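In: quick one: sequence and predicted model below, then my questions.
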Amino acid sequence: MATFKLDVVTAERVVYSDDVDMVVAPGVEGQLGILPHHAPLMTMLQPGELLVKKGTEESCIAITGGYLEVRPDRVVVLADAAERAEDIDVCRAEEAMKRAQQRLKERPTGLDATRAEAALRRAFIRLQTVEKAKQRRARLHRK
């Protein structure tokens, strides 16, 4: 089966780099499925889950937006921030979500609502990515 090289990078580090069978990314206009030999493409990504399929394995990566470029032999995701599901600290993400919810509820003077909403969305996506990864692992182990 044909594969392609996937690189998921942030300004700080390489989060993922391997040959894969498929990528499903959260495009700004909906989910994008990328298979080998996909037409060249460049698009913006919205915060969400990046699903990576390699053989029977599936990996989940939480991203907070960025860009996706499809080249003839590779796909590059330049993410604002990215974290593999297994690297996400669930307690920290839950605390961040509670803090953001509390700030939005209280609306203190000088609150930057846009930043608080973005923090809430980031925490939610991180927790959602962990949960989906658990569900996928459970489904694969049942087969």
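Out: Noted; the coordinates are in hand. Bear in mind that the values here come from a model prediction, so they are computed numbers and not experimental data.

In: residue contacts, the residue of the chain positioned farthest from its centre?
Out: No residue in the chain sits farther from the centre than Thr109, which is 32.5 Å out by Cα atoms, centre = their mean. Thr109 sits next to no residue when contact means Cβ atoms under 8 Å, 6 or more residues apart in numbering. C-beta: built from backbone N, CA, C; applies to glycine.

In: per-residue pLDDT, it?
Out: Predicted confidence (pLDDT) for Thr109: 70.

In: that one should be in a strand, yeah?
Out: No - according to DSSP: H, G, I helix; E, B strand; the rest coil, Thr109 belongs to no strand; its state is coil.

In: could I get the buried residue list for the helix or strand hosting Leu68?
Out: Secondary structure assignment for Leu68, by DSSP states H and E: strand 57-70. Neighbour counts over strand 57-70 (16 or more other Cβ atoms under 10 Å) mark 58-66, 68, 70 as buried.

In: need the max-distance pair from those.
Out: Comparing every pair within these by Cβ to Cβ identifies Glu58 and Gly65 as the most remote, at 21.9 Å.

In: how big is the angle separating the least confident helix or strand in the chain by mean pLDDT from strand 57-70?
Out: Scoring the helices and strands of the chain by mean pLDDT, DSSP states H and E places helix 113-142 at the bottom, with a mean of 85. Angle, helix 113-142 to strand 57-70, by axes from the mean of the first three to the mean of the last three Cα atoms, to 10 degrees: 130 degrees.
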